[in-house]
Each structure stands twice: as C-alpha cells, then as structure tokens.
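> Sequence and predicted model, in that order:
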Amino acid sequence: DMIEQKNLVVAVTSEGFVFSKEVDMVREGSRGNKGQLFVDSKRGRSIEKSVTLDSHDELWVFSEDGKMYKANAFEFDVNNVHVSNIIKNFGDRTICDFIPIKPDDEGDLIFVTSSSLTKRVPLSEFRTRNMPTDGLIAAQLQDEERLIGVVYSKNPEKEVIVISTSRGYSSKIIVGNLAVQKRPSMGRRMIRIKDKEECVSLVSCDLDKEDITSILFITTKG
C-alpha cells in the first residue's frame, strides 16, 4: 500500500545498467521521427532487454548462466543504476530475461538455451520460500552453453514459441506439445545445431492469432 502503483517501461543496457520511465511519459511518435532518448547514449550504451510492468509486480530475473533471482518491480524504478545494486549477489552476470509475475499467476515458464535445449516448467517449481542468496538454478547448462530466452505461458495449449538461430533458421513449436518437466531437468534439443551456429532468440504468440501476428527480425547489423 505504501508503494505508488505505476506502469513502467524498464530497460537494461548490455553493461547491466537499469533505466525506467512511466509508460505515460513515453511519447508517441510517427514512423519517420527520431524518437525519445531513453538512456545516456553518449557513453556508447545500448539497450539489451526491455519490459513493461506494473510496479506492484514481482520481477523474476534470469541470467545467461541459468540462475534465477527475485526482486520487487518497484526496485527497478531507477535510472543509471547497475543491476548488481538492486539484486544482491547478482555480480557481473548478464541478464537473459526478466518476467513480471503476479501472486495469482498460473502457467509455465519455457526455457531455451543456445544449443536449443528446451523445457517447460510450472511456475510452482520456482515459488520457493527459501530463495538461495546466490540465485536459484533455473537451467542446467553444459560447457559454454548459455540461456538465451525465457517466456511465460499462461495457456500452453493455445500458445506457440518460435526459436531462431544465428544462421537465420527458425522452428515453431506448440507449447502444449512440450512435456512438463522439473526445474533441475536439462530439457530436450529442438533444433539440430551446426558448427558455429547457436540459438539466439525466443518469442511466443497466441495460436488463435497466429494468422494475424508478425515477427520482426532485426540483425546485428541493423
């Protein structure tokens, strides 16, 4: 009750600095205009991840090395603050994804690693009272493997995920076709990865809206 309820846009740079704005303060723009400065770009910073959330949400933060941390969403209502100053023991880890979760949310989390290992785990597996101070192991990773994406699925039978690789190939999977697994499990490989290829992105959409939903692909060269 003491925390003002806000709708926030939260962005994290590639160096791990957090910036936020209230949604109402982000101005609308036309296709051709330059846009609004969100971070201090003079230091060469670039936004790596962004999310829209309610300041009363709980924020589940996942790192590329497969760890999970919990924070209050309002703690991310800051500007130019390193994530390690918000989440204890996060250190110099890189954020893979962060997902706003409400107390009554139900469903599954879908994990995909750079080698295409994919697993579906119920939210209940992560609602532990004794959260380890150095993070909860959310994904078991092999050598040089990293977690590349986590999505929240409310209705697995009516949602699909699309996994894309660094060579421009994609695979589409109905979430309901993935077996439900325990948190420590490795997952199942979904794409045959070739030499010097890795999975780089994970997105989801409603199965009922598949025919009217588009995916925007942006390469590293813009």
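Yes, it's here.

> okay, and for the protein, where does confidence drop off?
For the chain, the stretches with pLDDT under 70 are 27-38, 40-44.

> which SS state does the residue nearest the centre of the chain fall under?
Taking Cα atoms, centre = their mean, the centroid of the chain lies closest to D97, which sits 2.4 Å from it. Here D97 is recorded as strand under DSSP: H, G, I helix; E, B strand; the rest coil.

> Might one say that it is in contact with S63?
No - the pair D97 / S63 is not scored as a contact, 9.2 Å apart, by Cβ atoms under 8 Å. Quick note: C-beta positions are derived from backbone N, CA and C, even for glycine.

> which stretches of the protein form helices?
Per DSSP state H, the chain carries no helices over any range.

> quick one, what contacts S115?
Residues in contact with S115 (Cβ atoms under 8 Å, 6 or more residues apart in numbering) are Q142, E145, R189, I193, E198, C199.

> Just the ones in strands from those, please.
R189, C199 (DSSP state E).

> ranking the contacts of S115 by neighbours, who comes first?
Comparing the contacts of S115 by number of neighbours (other Cβ atoms under 10 Å), C199 comes first, having 26 neighbours.

> ok, the closest residue to N7 other than its chain neighbours - how many residues close by?
Closest residue in space to N7, ignoring its immediate chain neighbours: V23 at 4.2 Å, by Cβ to Cβ, 6 or more residues apart in numbering. Neighbour count for V23, taken as other Cβ under 10 Å: 11.

> Over to V39?
Neighbours of V39 using other Cβ under 10 Å come to 17.

> Quick check: closest non-adjacent residue to it.
Nearest non-adjacent residue to V39, counting by Cβ to Cβ, 6+ apart: F19, 4.8 Å away.

> In contact with the one you found, which residues?
V10, A11, V12, T13, F38, V39, I47, V78, N79, N80.

> In TSV, list the contacts of S115 along with distance to F126.
What follows is those, written out as TSV (distance: Cβ to Cβ, whole Å):
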residue	distance to F126
Q142	22
E145	20
R189	23
I193	27
E198	25
C199	22
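
> All set, thanks.
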